[in-house]
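Q: Sequence plus the predicted model coming up.
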Amino acid sequence: MTGSTLPGKDEAPGALSPSLTARILTYLDVRRGPANRATLAALIAAYVRRVPWESAFRIARKHRTTGGAIAARRPAEFWADALERGGGGTCFESNYAFFALLRALGFDGYLTVNDMGDTVGCHTAIVVLLGETRYLVDVGLPLHCPLPLDATHTTCSRGPFHTYSARPDGAGSYVIERTRHPKRYAFTLRDAPVADADYFAASSADYGERGLFLDRVIVTRVVGDRVFRFNSGERPYRLEAFTKTGQREDLALDAEGLATTLGDHFAMDARVIARALAAVDA
């Protein structure tokens with residue numbers, strides 16, 4: 001696609017090599033296709049089933065570094081963690097990595113940094129340009145499907161677990177909401193491109209003292225036909241399982257062998273989970 005205001009793929013620090021891109025597609029079990037809505041939807045659907053929203057890899061990274069500022073993972077490093085150890089991330093690194101994949105596959109768009117209520121600049125997302133239509137893409141919440149954006153009226157998109165809506169809220173802003181969720185409000189999209197250097201700086205800052213989700217191990221991923229969630233800050237330990245109709249089931253977890261149990265369930269490296277659990281419990 002043409003008309004992008006972003007650097008060329010060969011100039012972007014977050015660019016993925018053709019060989020890594022091919023490995024990622026194999027990992028996601030998605031065939032390469034044209035840069036259209038169907039391909040975009042397939043990539044999102046595969047990502048949320050393969051790559052967890054999780055804080056363990058970030059916590060382990062933060063606590064293995066001694067002294068100095070911690071740099072966020074670039075997309076290639078994020079994908080290496082995913083392919084080799086079943087890792088994922090929170091919104092900054094997840095959307096950064098997914099955006100790099102989209103660009104490698106010929107999609108046009110940009111990264112955004114957004115607000116959640118009164119908390120400014122705490123959540124990221126992607127805007128993808130397909131012809132005359134702009135789509136909100138967010139694997140860092142995640143949204144399970146692309147959501148069209150229109151400055152003149154509210155738009156909706158139905159996913160397997162939620163229906164998402166984008167309501168215009170002033171110039172360049174949209175309120176993003178979802179059904180069948182305890183918190184209907186998701187975030188406020190600030191529809192403005194963020195340069196790679198600025199995005200990377202914000203991602204790295206999220207490892208600092210004010211970084212989010214560094215005090216507890218959280219893992220969420222679609223497994224089978226349910227969304228599973230673990231939060232080490234909630235006791236007793238349990239897996240929360242949510243159906244497509246919003247019904248919840250709590251599955252008790254034993255503290256002994258917890259990292260192995262979580263690693264097996266979410267297909268993640270149990271050693272990383274164990275290091276993260278030890279760090280937040282220290």
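A: Received, thanks. Numbers count the residues shown, from 1 in each chain.

Q: So what pairs up with the residue nearest to Met116 when sequence neighbours are not counted in the strands?
A: Counting by CB to CB, 6 or more residues apart in numbering, the nearest residue to Met116 once its immediate chain neighbours are dropped is Phe187, at 4.7 Å. Quick note: C-beta positions are derived from backbone N, CA and C, even for glycine. In this structure, Phe187 has beta-bridge partners Ile176, where bridges are defined by DSSP bridges.

Q: Please give me every residue in contact with Phe187.
A: Residues counted as contacts of Phe187 (CB atoms under 8 Å, 6 or more residues apart in numbering) are 114-116, 123, 125, 141, 176.

Q: between those, which is closest to Tyr237?
A: The nearest member of the contacts of Phe187 to Tyr237, counting by CB to CB, is Leu141 at 24.0 Å.

Q: Phi and psi next, for the closest one.
A: When read as degrees, to the nearest 10, the backbone of Leu141 gives phi -100, psi -50.

Q: show me where this protein has helices.
A: 18-28, 37-50, 56-64, 75-85, 91-104, 196-205, 258-266, 270-281 (DSSP state H).

Q: What separation do you get for the residue nearest to Met116 and Trp53?
A: As for Phe187, its distance to Trp53 is 14 Å (criterion: CB to CB, to the nearest Å).

Q: coming back round to it: with respect to Ile70, which of the contacts of Phe187 is nearest?
A: For those, the nearest to Ile70 is His123 (19.8 Å; CB to CB).

Q: In this structure that closest one contacts Cys91, no?
A: Yes: distance between His123 and Cys91: 5.3 Å, which falls inside the contact criterion (CB atoms under 8 Å).

Q: which residues do those two both contact?
A: 140-141.

Q: longest single strand anywhere in the protein?
A: strand 119-130 (DSSP state E).

Q: Now which of the contacts of Phe187 would you call buried?
A: Buried residues within those, defined by neighbour count using 16 or more other CB atoms under 10 Å: 114, 116, 123, 125, 141, 176.

Q: what's the nearest residue to the fifth one if we skip its chain neighbours?
A: It stands for Leu141. Skipping the residues right next to it in sequence, Leu141 comes nearest to Ala186 by CB to CB, 6+ apart, at 6.1 Å.

Q: Which one of the buried ones among the contacts of Phe187 is nearest to His162?
A: Out of these, the member with the shortest distance to His162 (by CB to CB) is Leu141, at 10.0 Å.

Q: which residues touch that closest one?
A: The neighbourhood of Leu141, defined by CB under 8 Å, 6+ apart, consists of 53, 91, 123, 125, 186-187.
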